[in-house]
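Asks: Pasted the sequence and its predicted model underneath.
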Amino acid sequence: MWWGEGFTEWTTLRKARPLFDQHLQPRVPLDQRYYDLTDENVLRWQVGLARQYGIYGFCFYHYWFNGKLLLEKPVEMFLKKKDLDIRFCISWANESWTKAWVSRENHVLIEQKYGNAGEWDEHFYYLLPFFQDSRYIKNDNKPFIIIYRPELI
């Protein structure tokens, strides 16, 4: 909604231009695979590559803004497709979204708030099916979750 229909990071990367001799820009992905993680075939391709080259698991960013989810489709699709045979975990990107990465402007697009105990429960119960999945990465049988900016909580 902020950058337009169909926008991905590849949209920005395609615009890159060389800044000096032998500067390889724009970068083009292997076999022109400008991927879309909401495409099941792309997830299957990436799982295959990861397994072929000994990658232990995937880490999916998770965006939760007081019950509002953003970019949740890839991890939700992954959870449903039990035949995608690779371990995974979640990294909660727990900070406000701003335009800083595209414009150096800290205009807040969506604010990260942590709410009250009821909202914490709602967040936990959203995550619970991921934690209970047999592929989910665990340490001492406890789900491993990364909190991107714990100092903000």
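Replies: That came through, no problem.
Asks: buried set for the helix or strand containing residue 131?
Replies: Residue 131 is part of helix 117-132 when elements are defined by DSSP states H and E. The neighbour-count check on helix 117-132 (16 or more other Cβ atoms under 10 Å) flags 123, 127, 130, 131 as buried. Backbone N, C-alpha and C define where each C-beta goes, glycine included.
Asks: Ok, stretch 36-46 next?
Replies: By neighbour count on 16+ other Cβ under 10 Å, the buried set for stretch 36-46 is 37, 43, 46.
Asks: for stretch 62-82, same thing?
Replies: Per 16+ other Cβ under 10 Å, stretch 62-82 contains these buried residues: 62, 63, 64, 65, 74, 75, 78, 79.
Asks: now, the most widely separated pair of those?
Replies: Across the buried residues of stretch 62-82, no pair lies farther apart than 65 and 78, at 21.0 Å, counting by Cβ to Cβ.
Asks: Longest strand in this structure, please.
Replies: strand 57-65 (DSSP state E).
Asks: Just the angle for it relative to helix 117-132, thanks.
Replies: 160 degrees (axes from the mean of the first three to the mean of the last three Cα atoms, to 10 degrees).
Asks: So which other helices or strands are in contact with strand 57-65?
Replies: Helices and strands touching strand 57-65, by 3 or more Cβ pairs under 8 Å, 6 or more residues apart in numbering; DSSP states H and E, are helix 40-52, helix 73-80, strand 87-92, helix 117-132.
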